[in-house]
Structures are given as structure tokens and as C-alpha cells.
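Peer 1: pasting a predicted model and its sequence here:
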Amino acid sequence: MELQKDQNFRCIAHVDMDAFFASVEQLENPELIGKPVIVGALPGHRGVVSSASYEARKFGVRSAMPVSEAQRLCPKGIFVSVHGKLYSRYSKELVDIFESFTPLFEVASIDEAYLDLTGCPNIPEDKFELGKLIKNRIKEKTGLTASVGIASNKFVAKIASDLKKPDGLVVVTPGKEKDFLKSLKVEKLYGVGEKSAQLLKKRGLNTVADIQRLSIEFLTRELGNFGKSLFYLSRGIDDRPVTTESETKSMGKETTFDSDINDKDIILATLAQLSQEVGTSLRKHGFWSKCITLKVRYSDFNTISRCVSFENAVNLDNLIFDYAKQLLNKVSLVQKVRLIGVTASKLVITEEKQFGLFDEGNTKNQNKLYESIDKIRSKYGKNSLIIGKILDKESDS
């Protein structure tokens, strides 16, 4: 599909599926339609909510909420396990639909995407009609509903898609971005979390309109680069392009313990298992990492992360574990731990010499060893071969 280039402004659509996982479950099982469906961990098991139907949301159930809390809020909720392959199949159907409109689309997650429709032929000039066409095609092809926002940039389009969920359609015409945003709370702006919102409200900045009244000089002087970002976002200015290829930025694995623990031996054994899974994923996709992050969530849900960066990239299980263990040694285990995770980031695709914390020799032999290990794990399962030497280093360090 060729695009016309003589356009005066961009036309960006943000498509956000409505309660995607829960909606797919209702579509696959019509008996669930109209009922409070909660997708995630099952009652009696540890874990969080992945998705909740709008019937369940009326009770206050939200994504990332502990499943025990969801059960308390919605005792008659229907809890369903996550079916990842099923959702991926629907997601692939959505990608085919996006591609039928434009070759320039950015998949932001499994259930949302940005479409750059600037100059696309054979689409309605009227943006409301365009939004209806996108929604109707999704409904016809998948049976699911989507909320769509259309604007001149990604930020405003995303805000628009969220305003009338579910099954919403909001169009912001070019030049109206500032007026569209002014009544919204400051939390709607990118980068404004709970703490930064409190900071802004202490300064009397409760709505986007409050920020719009301030100059860029004042905001930059008072809040630095964060203030400068707020100045532009509050006016609906966002020049980020729609990127057609999603660059892999990190690979991670985490697990929630069946019960809260602070037994370091068990935590270390789990950390070794996670390091192995991360290493396997890196090698499978041809990546090396220059940063390892440890994530620890305590029994009170307080979550901390610690990271270490290094010059020589790694993708071997034992080296990843070396760094993860180093980080764990700096973390308090007085309070019991609920969840632990390992993430590899700063990924590179050029192979480099890999050095461990305790052995800075050449690891070519280890690379060959892991090639064989990966073949065995691929054929017989990820736990078919465990490197026992990983944990032996604890006694040597």
C-alpha cells in the first residue's frame, strides 16, 4: 500500500480492545456474557488479576489487583485461568485488520495499537466515519469491541480512546488538542504517577488547564525536564512517530511463591531457575545483555528493584545468576518475600566475550556447552537439564 505524502497534518488512531482477555473468554463461552468474569489466578492461589470484564469492574475489580482482594470485592465473580495462546490468536487477527488499513502500525501491547493513517487511500475523509469503520471491521472479524481515539498524534489519540470505554469513539480535530485536554486531571499526562501527582497538587496544579497557564520557563525552572515535558503534553504536542517494528528492550522471568518466605536457600534456588530461563530466552533470540535487574516483592506488596550494568554482555545462565545473586546479597530478607524476578536489559545482538564475576577467563567452552544444553531443553523441556554448578558458587563467594 502506497501512502500519499501531501498531507498537512497527521492522522493517528489508537485502538484499545475492551477488557481483552475477559472479552475473549466471554466470546468463547457465551454463558459468561453479562457476568463478572475475572481472568488471572484462581481463588485459593496466589497471584493477581490479569483482566476483568466491565461487569466485574463495577465491583472495583481491576488489573494487577491481588486475586484475594478481587474475590473479596466480587464474591460472585467467575474466575478463569489465563489462556495465553488463545489471546495471542485473537491478537494476530487484530494485526491482520490493522494491516488492511495501513502499513504503518505500532503494536503497543497484545490488545492495543497505534495506526498512522496519514495519506492512506480508500478510507473515509470524515474521521468519525473512519473510526466507525475500524471498530466495525474488528467486530465483524473477531466479534470483539474496541475503543478508538483519533487525533493528530499518539498521546492525544491514546487519551481519546480511553474516555468513552467500552466501545467508545472519540475524535480530536487538529488545533483542538489544548481545549480537549484542559479539563483532565494531571494524572492523565505521561510520566505523572502517584508521587509526582502529589507534588503537582501541592503546587495547586490539579488539572491540565492549571499547567497550561504556566510558561515553559517557569515549569522548567521549577521542575526541570519533567516540567518541560508537562508543558508540551498539556498542550497536546507529541511528535513521536508510529514505529512499525517493536524493538525488544528486555527479557525477564518472575515467580510468585506459594507462601511468603525468607529462606535464602529457597530464594537462591528460585533465582537460579529464573536466571536459567532468562538465559535460554536470550540465546534463543540471539541477544546478549549488559544489565541485570532483580525484582523483589515483599509480603506487604512493597516492591523494590536493584540493577547492575556491566561492559561485557552476557547470555549464559551462570553469569546471569552471578549478577542476580550479587544484587540479592544487597537486599534485606528480614521481611518475607512474595515474588522474585530477574530481567535482562540493555540488549545487544553482537556477540562479545562474556566474563563472570568470579572467573574472568574466556568462556568459549561454556558457549559450546550451552548450545548443547539448549538443544536438550528444547527437545525435552526447560527443566530437563539443570546446571548444578550455578548454586555451588554460593559456598565459594
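Peer 2: Noted; the coordinates are in hand. Numbers count the residues shown, from 1 in each chain.

Peer 1: pick out the residue nearest the middle of the protein.
Peer 2: residue 109 (6.7 Å; Cα atoms, centre = their mean).

Peer 1: output the contacting helices and strands for the strand or helix carrying residue 68.
Peer 2: According to DSSP states H and E, residue 68 maps onto helix 67-73. Of the remaining helices and strands, those touching helix 67-73 by 3 or more Cβ pairs under 8 Å, 6 or more residues apart in numbering; DSSP states H and E are strand 37-40, strand 49-52, strand 78-80. Where you see a C-beta, it was placed from the backbone N, CA and C, and this is true even at glycine.

Peer 1: out of those strands, which one sits most buried?
Peer 2: Highest mean neighbour count of these: strand 37-40, a mean of 26 (counted as mean count of other Cβ atoms under 10 Å).

Peer 1: per-residue confidence averaged over that one?
Peer 2: Confidence over strand 37-40, taken as the mean pLDDT, stands at 96.

Peer 1: list the buried residues of stretch 125-139.
Peer 2: Going by neighbour count (16 or more other Cβ atoms under 10 Å), the buried part of stretch 125-139 is 127, 130, 131, 134, 135, 138.

Peer 1: closest to residue 19 among those residues?
Peer 2: Ranking the buried residues of stretch 125-139 by separation from residue 19, with Cβ to Cβ as the measure, puts residue 138 on top at 14.1 Å.

Peer 1: sec struct for that closest one, please.
Peer 2: Secondary structure state of residue 138, per DSSP: H, G, I helix; E, B strand; the rest coil, is helix.

Peer 1: how about it: what's its closest non-neighbour residue?
Peer 2: Using Cβ to Cβ, 6 or more residues apart in numbering and skipping the chain neighbours, the partner closest in space to residue 138 is residue 146 (4.9 Å).

Peer 1: for the one you found, give the beta-bridge partners.
Peer 2: Residue 146 forms beta bridges with residue 17, as assigned by DSSP bridges.

Peer 1: now do the contacts for it.
Peer 2: The contact partners of residue 146, by Cβ atoms under 8 Å, 6 or more residues apart in numbering, come to 15, 16, 17, 18, 134, 135, 138, 139, 167.

Peer 1: let's go with 7 Å and repeat that
Peer 2: Under the criterion of Cβ atoms under 7 Å, 6 or more residues apart in numbering, the contact partners of residue 146 comprise 15, 16, 17, 18, 135, 138.

Peer 1: helix or strand for the fifth one, which one?
Peer 2: Taking DSSP H and E as the criterion, the element that holds residue 135 is helix 127-142.

Peer 1: shaky segments in the stretch 1-150 of the chain?
Peer 2: For the stretch 1-150 of the chain, the stretches with pLDDT under 70 are 1-8.

Peer 1: the same query, at a cut-off of 90, please.
Peer 2: In the prediction, the stretch 1-150 of the chain carries residues with pLDDT under 90 at positions 1-10, 41, 44-48, 64, 103, 108-109, 119-123.

Peer 1: that older thread, how far does the helix holding residue 68 sit from its chain's centre?
Peer 2: 23 Å (Cα atoms, centre = their mean, to the nearest Å).

Peer 1: please apply the same query to stretch 61-68.
Peer 2: Relative to where its chain is centred, stretch 61-68 has its mean C-alpha point 16 Å off (Cα atoms, centre = their mean).

Peer 1: same question, stretch 207-221
Peer 2: In terms of Cα atoms, centre = their mean, the centre of stretch 207-221 is found 30 Å from the chain centre.

Peer 1: just the CA trace of that stretch, in CSV.
Peer 2: Extracted C-alpha coordinates of stretch 207-221, given in CSV (Å, rounded to 0.1, in the frame of the first residue of the first chain):
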residue,chain,number,x,y,z
THR,A,207,-5.9,19.8,36.2
VAL,A,208,-4.2,20.0,32.8
ALA,A,209,-5.6,23.6,32.5
ASP,A,210,-3.6,24.6,35.6
ILE,A,211,-0.4,23.5,33.8
GLN,A,212,-1.5,25.2,30.5
ARG,A,213,-1.5,28.6,32.3
LEU,A,214,2.2,28.3,33.1
SER,A,215,5.1,29.2,30.9
ILE,A,216,7.8,26.7,29.8
GLU,A,217,10.4,28.8,31.5
PHE,A,218,8.6,28.6,34.8
LEU,A,219,7.9,24.8,34.6
THR,A,220,11.5,24.1,33.5
ARG,A,221,12.9,26.2,36.3
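
Peer 1: and that stretch, what's its mean pLDDT?
Peer 2: For stretch 207-221, mean pLDDT is 94.

Peer 1: try stretch 243-258
Peer 2: Per-residue pLDDT over stretch 243-258 has a mean of 80.

Peer 1: now do the buried residues in that stretch.
Peer 2: The neighbour-count check on stretch 243-258 (16+ other Cβ under 10 Å) flags 251, 252, 253, 256, 257 as buried.

Peer 1: identify the bridge partners of the second one.
Peer 2: With beta bridges defined as DSSP bridges, residue 252 has these partners: residue 343.

Peer 1: for it, what are its contacts?
Peer 2: With contact taken as Cβ under 7 Å, 6+ apart, residue 252 is in contact with 278, 341, 342, 343, 344.

Peer 1: next one: the third one
Peer 2: Taking Cβ under 7 Å, 6+ apart as the contact definition, residue 253 lies against 274, 277, 278, 341, 342.

Peer 1: restricted to helices, list these.
Peer 2: Filtering those for membership in helices, criterion DSSP state H, returns 274, 277, 278.

Peer 1: quick one: pLDDT of the first one?
Peer 2: So that's residue 274. At residue 274, the predicted lDDT confidence score is 94.

Peer 1: got it, and the second one?
Peer 2: Residue 277 is assigned a predicted lDDT (pLDDT) of 91.

Peer 1: nearest residue to it in space, please, no chain neighbours.
Peer 2: Across the structure, with Cβ to Cβ, 6+ apart as the measure, the residue nearest residue 277 apart from its sequence neighbours is residue 253 (4.5 Å).

Peer 1: can you put the contacts of residue 252 in JSON lines and add distance to residue 291 and neighbour count?
Peer 2: Written out in JSON lines, the entries for the contacts of residue 252 read as follows (distance: Cβ to Cβ, whole Å; neighbours: other Cβ atoms under 10 Å):
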{"residue": "278", "distance to residue 291": "12", "neighbour count": "25"}
{"residue": "341", "distance to residue 291": "14", "neighbour count": "21"}
{"residue": "342", "distance to residue 291": "11", "neighbour count": "29"}
{"residue": "343", "distance to residue 291": "8", "neighbour count": "21"}
{"residue": "344", "distance to residue 291": "7", "neighbour count": "27"}
